[in-house]
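Novice: Sequence and predicted model, in that order:
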Protein chains: 2
Amino acid sequence: MSEPLRFRVRILRKPEIADPEGATTARALRDLGYDVVEVRFGREILVELPPGDADEAEAAVHEMCERLLANPIIEDYDVERL
Amino acid sequence: MSEPLRFRVRILRKPEIADPEGATTARALRDLGYDVVEVRFGREILVELPPGDADEAEAAVHEMCERLLANPIIEDYDVERL
């Protein structure tokens, strides 16, 4: 395979961790007249790896999340192959 | 319908706009020994609206993006109903 391998990493604070950006944004949207229940902010990280074994690449991306991209103490993440 | 309406907004810099967070993270991953082609950072915003008409709600979320959540000059966004 000569296609590069692309993954989407989605990182969200765990539900029990406060999200001040989201809360502030929800307030701002209400001030603009929108009826909003909740806003939560997360990050999306697109990681492109060179062509190779897709399963090994996905395992590497999980490892990158644990070591560098996410903070597993306060964040949940998931990895999706694109 | 009494289900709240949930939307995922994904916001990414346009491809031609530099992404210094992504570039720095790619370098850090390479320093850790990973063979990475590219890393791009984006934001994910989960917006929950009260129960109601789903099409109207989706239109409102698009409007929120234009008015507050995204910067359409340098960012692309998409809205997905969850």
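Specialist: Happy to help now that I have it. What you see is a predicted model, and the numbers here were worked out from it, not measured in a lab.
Novice: What helix or strand is the residue of chain A positioned farthest from its centre located in?
Specialist: Distance from the C-alpha centroid of chain A, by C-alpha atoms, centre = their mean, peaks at A:Gly33 (28.5 Å). Using DSSP states H and E, A:Gly33 sits in no helix or strand.
Novice: Quick one: mean pLDDT for the helix or strand in which A:Ile11 is found?
Specialist: According to DSSP H and E, A:Ile11 maps onto strand A:5-13. Average pLDDT, strand A:5-13: 96.
Novice: For it, which residues meet the burial criterion?
Specialist: Under the neighbour-count criterion of 16 or more other C-beta atoms under 10 Å in any protein chain shown, strand A:5-13 has A:Leu5, A:Phe7, A:Arg8, A:Val9, A:Arg10, A:Ile11, A:Leu12, A:Arg13 buried. For glycine as for every other residue, the C-beta is placed from the backbone atoms N, C-alpha and C.
Novice: ok, now stretch A:43-60?
Specialist: Buried residues in stretch A:43-60, counting neighbours by 16+ other C-beta under 10 Å, are found at A:Arg43, A:Glu44, A:Ile45, A:Leu46, A:Val47, A:Glu48, A:Leu49, A:Ala57, A:Glu58, A:Ala60.
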